[in-house]
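1. sequence and predicted structure are below.
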Amino acid sequence: MTMNTANKWAAGIADTYALGLLAEAVGLGLPVAALPFWSTALDRHPATRRSLDVLRATGVRVVYGEGGWTPHEPGTGERRVDAYPWERVLDAVESAG
């Protein structure tokens, strides 16, 4: 999930099909997990922290930080894509269900 997606999702903005599904899943109480992917520069923005707090408060398991995924330095994301730990978000959904 990108920072833009996290902020929209946390605000309840469902302007794409994917965001609509995520918002509805939260409303239905389905197990939902998110695995962020953004830079350290975006991570320092106050809206990012607020959005993660809101998502966690609604029951979304945010796989982020120690033991999850950590932000990358600006301009290095392409080099980290192959190491993106999809299995961690799948594990988070399984443990929530």
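-> Looks like it came in fine. Predicted model, so just to flag it, every value in this text is computed and none were measured.

2. the strands in the protein, which residues?
-> Listed in chain order, the strands found in the chain under DSSP state E are 33-34, 61-62.

3. so who does the residue nearest to residue 12 when sequence neighbours are not counted touch?
-> Residue nearest to residue 12 in three dimensions, not counting chain neighbours: residue 23, with 6.0 Å by Cβ to Cβ, 6 or more residues apart in numbering. (C-beta placed from N, C-alpha, C; glycine too.) Residues near residue 23 by Cβ atoms under 8 Å, 6 or more residues apart in numbering: 9, 12, 14.

4. hmm, which of those residues are the buried ones?
-> residue 9 (16 or more other Cβ atoms under 10 Å).

5. which of the contacts of residue 23 sits closest to residue 50?
-> Minimum distance to residue 50 across the contacts of residue 23 is 12.1 Å, recorded for residue 9 (Cβ to Cβ).

6. does the closest one touch residue 24 like I think?
-> No. Look at residue 9 against residue 24 with Cβ atoms under 8 Å: they stay out of range, at 11.3 Å.

7. picking up where we left off before, now the contacts of residue 23 as JSON lines including distance to residue 31?
-> Rendered in JSON lines, the data for the contacts of residue 23 read as follows (distance: Cβ to Cβ, whole Å):
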{"residue": "9", "distance to residue 31": "15"}
{"residue": "12", "distance to residue 31": "19"}
{"residue": "14", "distance to residue 31": "19"}
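
8. nearest to residue 48, of the contacts of residue 23?
-> Taking these together and measuring to residue 48 by Cβ to Cβ, the closest member is residue 9, at 12.2 Å.

9. any idea how far that closest one is from residue 17?
-> Note on residue 9: its distance to residue 17, by Cβ to Cβ, to the nearest Å, is 13 Å.

10. among the contacts of residue 23, which ones are in helices?
-> When helices are assigned by DSSP state H, the members of the contacts of residue 23 inside them are residue 9.
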